[in-house]
Each structure stands twice: as structure tokens, then as C-alpha cells.
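Trainee: turn this into a model:
(one chain, ligands or ions: 1)
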Amino acid sequence: MELSGALWKLTEGSDISISLIAGAGLLEGHPKRVRSLAKASLEDRGIRIVEGTRARSVVQNTVSLENGTVIPADLAFIASGVKPNPLFVNSPVPTGEDGGLLVNHHLQSPEYPEIFGGGDCITLGGEKLARVGVYAVRQNPVLYHNLLAALENSPLNRFDPGNPSFLLILNMGDGTGILKKGHLVAAGRLAFRIKDTIDRKFMRKFQVSGELEEMEQ
Ligand SMILES: Cc1cc2nc3c(=O)[nH]c(=O)nc-3n(C[C@H](O)[C@H](O)[C@H](O)COP(=O)(O)OP(=O)(O)OC[C@H]3O[C@@H](n4cnc5c(N)ncnc54)[C@H](O)[C@@H]3O)c2cc1C
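Mentor: You can find the predicted model right below:
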């Protein structure tokens, strides 16, 4: 959804057509209001949204859908969601149902205590965590502490996922965003500004070789 919005921005003013193949439904699992706002934003810009079917194959310049529709395409972008690396299911380490490295609340493999993990590649035992950067960032200090503690044989810290109602802001690609926090849903330029400010502040912490100056330009 974000890619199609960004693609629209990149090609603004040209006569290209963009089709978004949305699977069962655009932004499935998100609240109805978020979905209808996103749909309206894309459709108002002429982006065609195909729901109720998935892409089956992309061969040469043709995208074939499961419902038999064939869409000619000069370019196909595939953004079909996050799946942990098959490294884990192909190895003896225990994994969760979705193939993520199974870890306990110390972010540690229960069977191989010398292995720790965090972010998109893990399945936290007993929790159904969304694969979003919010959790990767929250796990970071715990992981860092526990790696050092394991080397020194000192006590490990527990990871607490915290409030599951984290701030979600979708970048619609046209300078607007859709913000969701708890039951609050809001769309517009301010939502995008908030996202942009948070993201830039975060990225600024990791600039080590002059990128900061580039970002400021
Ligand atoms: C388009 C997009 C938008 C997103 N927007 C948001 C957002 O607004 N908010 C949010 O919270 N989250 C967002 N996410 C999700 C967020 O980016 C991820 O949850 C987060 O980056 C996970 O961090 P990570 O360190 O686990 O994995 P990654 O950031 O994916 O880092 C994994 C690293 O491991 C490297 N790697 C992979 N395999 C190997 C290997 N075999 N050997 C060595 N290195 C390897 C990869 O190259 C990569 O650098 C977004 C994701 C995408 C794709």
C-alpha cells in the first residue's frame, strides 16, 4: 500500500497506471476506518485496487492473478509481507509456527541458550507480536544487555513487549499519512509530519559517516 502511494509520487504527472493487488483485502487486519481512508486516498489518485484475489505469478511482463485476471505490467513490485529467514526451519533450533527463531522472554532460544534473537526474525514464545520496527527497537537494549550478561554469567533482563496499542502511521506517499493510536484514527498532512519527524530523529542517531549533512540538505 505504501509502495503504491510512493510510486504514484515518483511518477506524478505521467500517464502510467498503477494496480495494487491487495489479496483478501487492502490492509486486512486494520480497523475499517483506516482501510477506507487508505482506499479513498489511493483511488482518488487513480490507483486501481484489486481485492479478493492474490497474484499467482509474475512472468515477463504479465502478472497473473488467482482469479484468472491477467494484468500487463512494465514493472512489478512484490511486497508480500515479512517471513522469517528459512535459516531457522532448516536448522535444529526450535521455531514458532511461522518459522521464526523461538525465543523466551530473555530473547534467548530455550534449547540453545547461547543463541539470542530479536526483531522480525523471532517468535516470542506465547506472544503474538506484529513484525514491526517498534518491537525490534524495544528489544534492542534487552538484547544488548543479555548478550553481554551471558558472556559474564550475570542475570539476564526480561523483555516486556509493552503497550500493544503502539502508534501506527501509514505514509500515503502524497505528503499525507493515516495515524492510528488506540481508537483514534486521523488522516492528513500532520500525520505524515509526525511520522517523518519520528523517523528522521531515529535515523539521525545512527549517522556515522556524513549522512547527517546529506539528510539536512
Ligand atoms: C516498507 C516498509 C515500511 C515499514 N514501516 C514501518 C513503520 O513505519 N514502523 C515500524 O515500526 N516498522 C515498519 N516496518 C517494519 C520494520 O522495518 C521492521 O520490523 C524492522 O526493520 C525489523 O528490524 P530487524 O532488525 O529485525 O530486521 P531488518 O531491519 O530487516 O534487518 C535485518 C538485516 O539482516 C540482514 N540479513 C538478512 N539475512 C542475512 C544473512 N543471512 N546474513 C547476514 N545478514 C543478513 C539484512 O540485510 C538486514 O540488514 C516497515 C517495513 C517495511 C518493509
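Trainee: does Leu179 touch Leu167 like I think?
Mentor: Yes. With contact defined as C-beta atoms under 8 Å, Leu179 counts as touching Leu167 (7.2 Å). The way it works is simple: take the backbone N, C-alpha and C, and place the C-beta from them, glycine included.
Trainee: the two - which one has more neighbours?
Mentor: Relative neighbour count places Leu179 above the other of Leu179 and Leu167, with 20 against 14, counting by other C-beta atoms under 10 Å.
Trainee: residues near Leu92, how many?
Mentor: For residue 92 the amino acid is Pro, not Leu. A count of nearby residues for Pro92, using other C-beta under 10 Å, gives 8.
Trainee: cool, and the one 5 residues further on?
Mentor: Around Glu97 sit 8 other residues, with neighbours defined as other C-beta under 10 Å.
Trainee: do the same with the one 3 residues further on
Mentor: Counted with other C-beta under 10 Å, the neighbours of Gly100 add up to 23.
Trainee: now it, nearest residue through space, not along the chain?
Mentor: Distances taken as C-beta to C-beta, 6 or more residues apart in numbering put Thr123 closest to Gly100, at 3.5 Å, once the chain neighbours are dropped.
Trainee: contacting residues around that neighbour?
Mentor: Applying C-beta atoms under 8 Å, 6 or more residues apart in numbering to Thr123 gives the contacts Pro84, Thr95, Gly96, Glu97, Asp98, Gly99, Gly100, Leu101, Leu102, Val103.
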